[in-house]
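Trainee: Next come a sequence and a model predicted from it.
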Amino acid sequence: MLVYRIISAVIYLILGGIVAGLLAGIDRKLSARLQGRRGPSVLQPFYDVAKLFSKETLALNHGQFVIAFSFLLLIVFTGVLFFAGVDILLVFLALSTAAMFLVFAATSSNSAMSTMGAQREMMQMLAYEPMVLITAVGFYMSTQIMNGGEGSFKIIDIATGDLPSIVYLPGIFLGFLFILTIKFRKSPFDISTSHHAHQELVKGVTTDLSGRNLGMIEIAHWYENTFLLGVVALFFLSNDWWSIPLAVGAAALVYFIETIIDNVSARVKWELMVKLAWGVTIVCGGLNLLVLEYIF
Amino acid sequence: MAKITKSPWLLHYDGSSCNGCDIEVLACLTPVYDVERFGIINTGNPKHADIFLVTGGINEKNKAVVKQLYDQMPEPKVVVAVGICACNGGVFKDAYNIIGGVDKAIPVDVYVPGCAARPEAIIDGVVKALGVLDEKQKAFKEAKKKKGV
């Protein structure tokens, strides 16, 4: 079993970035087609990052490189832990730590745009973090029900239950989908380094990052997206073989749905996110937890 | 590899334009012309940009702004002057407040005349700028090698 876990972590390390880079390319192509445009090549995200690494890096201080590199390192670390099947709480804590480094990278400059981006990034963390924790608790309770008493936070135990966790956690899955829109940097458009924020707040947290530093942040986002799709897949995994294609299909479908949501709600602002995120968390996540606690 | 011409990011700055050229610049992004198919993104951030697109003439107020935006862009970079006002001041040439075209403030690589410049002309200009950008990238790499960084 340990061998499989190591192999899956290594595969993530090698392919995690490439898969999400391709997905980002498909996303841009799909968005363009939805808007009646031809759109860039599917490989465009790779061209962008290659270019960023070939350009001059203008850094206001040397710390910026260290911080941007730490962000990349911690995101990859998070994903490796996840795909190695360790404790899900540890994984989510590593993710939050990584997210803080992005905020540090933004606050390491004096730019007003960058600082504003950092503040909104933290607002964003505040909005989605409760749902992330509820997801971890939900997984624990679903293993508790499946094992008849003994719960587990271990991803390997969650992924090898008798039934896919989604059977017990439909509400939490919906809530997680909601925050996934934020985590994928799709909506709201005026938050930090949202995909479409090219004219809004300049570019949020990445305003003062350029060249190599920005390239590393981009790669980190790819690894982060693969990891998040991994969490989506975790909802569908069980000890049956057919759960693997089901999980992969579900993750792909979720990515497709996120692209559609992004295109139909292009002008969602951060105020709406703050208002909605906790509401969705309480209704979807909270109700689901109550049902698990008192009915099963 | 790392061909800069495959992913040129634009910075658009409106000097003292009448907005005619600006609307044409934005028209390039619409489904009809869709410059994103070449990987072009309108960034609005000098630190991410490769191509500096300026519309309108230069006056005493915006000279420093244009200069600063240019200085904030990382190498290699090119400047495209869009519209006759950006080229040499246009009809405002003799106005007391206008100094002249963009080249009075920063070095310009490609001039796109027109009042207003057509989207086709702007795209042609940007494609021409890509050629210049490619040369500049080669020169930048050479200089980097010499420096031993």
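Mentor: Good, I have the coordinates.
Trainee: make it CA atoms for all contacts and neighbour counts henceforth
Mentor: Will do.
Trainee: Quickly run through the sheet partners of the lowest-mean-pLDDT helix or strand in chain B, with directions.
Mentor: Ranked by mean pLDDT, DSSP states H and E, the helix or strand of chain B with the weakest confidence is strand B:41-42, at a mean of 84. Sheet pairing of strand B:41-42 (DSSP bridges) gives strand B:9-14 (parallel).
Trainee: Show me the strands in chain B, by range?
Mentor: B:9-14, B:41-42, B:51-55, B:58-59, B:78-82, B:98-100, B:110-112 (DSSP state E).
Trainee: And the least confident helix or strand of chain B, how far out from the chain middle?
Mentor: 12 Å (Cα atoms, centre = their mean, to the nearest Å).
Trainee: go on, stretch A:42-50?
Mentor: The answer for stretch A:42-50 is 20 Å, by Cα atoms, centre = their mean.
Trainee: With stretch A:58-78 instead?
Mentor: Per Cα atoms, centre = their mean, the centroid offset for stretch A:58-78 relative to its chain is 18 Å.
Trainee: That one near chain B anywhere?
Mentor: Yes - Stretch A:58-78 lies within reach of chain B by Cα under 8 Å from any Cα of the partner chain, at residue A:58.
Trainee: That stretch: which residues count as buried?
Mentor: Residues A:58-59, A:64-65, A:67-72, A:74-78 are the ones in stretch A:58-78 that count as buried (16 or more other Cα atoms under 10 Å in any protein chain shown).
Trainee: Among those residues, which has the minimum pLDDT value?
Mentor: Ranked by pLDDT, those bottom out at residue A:59, which has 79.
Trainee: That one and residue A:212 touch, don't they?
Mentor: No - applying Cα atoms under 8 Å as the test, residue A:59 and residue A:212 come out as separate, 9.8 Å apart.
Trainee: can you tell me the residue of chain B closest to chain A?
Mentor: Here chain B gets closest to chain A at one residue, residue B:37, 3.8 Å apart by Cα to the nearest Cα.
Trainee: Excluding residues flanking it in the chain, which one is nearest that residue?
Mentor: Of all residues not flanking residue B:37 in the chain, residue A:40 sits nearest, at 3.8 Å (Cα to Cα, 6 or more residues apart in numbering or on different chains).
Trainee: Report how many residues lie close to that neighbour.
Mentor: 23 (other Cα atoms under 10 Å in any protein chain shown).
Trainee: So which residues of the chain form helices?
Mentor: Looking at chain A here, since you left the chain open. Remark: helices assigned in chain A by DSSP state H are A:2-34, A:44-54, A:63-83, A:88-107, A:112-147, A:155-159, A:170-183, A:211-234, A:243-264, A:270-280, A:287-294.
Trainee: not what I meant, chain B
Mentor: B:20-27, B:60-72, B:84-88, B:119-147.
Trainee: any idea which of those helices is most buried?
Mentor: With neighbours defined as mean count of other Cα atoms under 10 Å in any protein chain shown, these peak in mean count at helix B:84-88, which reaches a mean of 27.
Trainee: quick one: average pLDDT of it?
Mentor: pLDDT averaged over helix B:84-88 gives 90.
Trainee: just checking, what packs against that helix?
Mentor: strand B:51-55, strand B:98-100, strand B:110-112 (3 or more Cα pairs under 8 Å, 6 or more residues apart in numbering or on different chains; DSSP states H and E).
Trainee: Mean neighbour count, distance to residue A:32 and mean pLDDT for those - can I get that in JSON lines?
Mentor: Formatted as JSON lines, the helices and strands packed on helix B:84-88 follow (neighbours: other Cα atoms under 10 Å in any protein chain shown; distance: least, Cα to Cα, whole Å; pLDDT from 0 to 100):
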{"stretch": "strand B:51-55", "mean neighbour count": "27", "distance to residue A:32": "22", "mean pLDDT": "91"}
{"stretch": "strand B:98-100", "mean neighbour count": "20", "distance to residue A:32": "39", "mean pLDDT": "88"}
{"stretch": "strand B:110-112", "mean neighbour count": "22", "distance to residue A:32": "27", "mean pLDDT": "92"}
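Trainee: Let's have those in a markdown table, adding distance to residue A:189.
Mentor: Shown next, in a markdown table, are the helices and strands packed on helix B:84-88 (distance: least, Cα to Cα, whole Å):
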| stretch | distance to residue A:189 |
| --- | --- |
| strand B:51-55 | 24 |
| strand B:98-100 | 37 |
| strand B:110-112 | 33 |
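Trainee: Adding distance to chain A, write the ones you listed out as JSON lines.
Mentor: What follows is the helices and strands packed on helix B:84-88, written out as JSON lines (distance: least, Cα to the nearest Cα, whole Å):
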{"stretch": "strand B:51-55", "distance to chain A": "13"}
{"stretch": "strand B:98-100", "distance to chain A": "28"}
{"stretch": "strand B:110-112", "distance to chain A": "21"}
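Trainee: and residue B:37, what does it touch?
Mentor: A:38, A:39, A:40, A:41 (Cα atoms under 8 Å, 6 or more residues apart in numbering or on different chains).
Trainee: Please type out the PyMOL selection for whichever of those residues turn out to be buried.
Mentor: Restricted to buried positions by 16+ other Cα under 10 Å, the PyMOL selection for the contacts of residue B:37 reads:
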select buried, chain A and resi 38+39+40+41
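Trainee: quick one: which two of the contacts of residue B:37 are the most distant?
Mentor: Using Cα to Cα, the contacts of residue B:37 reach their maximum pairwise distance at A:38 and A:41, which is 9.2 Å.
Trainee: Find residues that contact each of these two.
Mentor: A:29, B:37.
Trainee: so residue A:135 touches residue A:172, yeah?
Mentor: Yes - Residue A:135 is within contact range of residue A:172, at 6.2 Å (criterion: Cα under 8 Å).
Trainee: With that, I have no additional questions.
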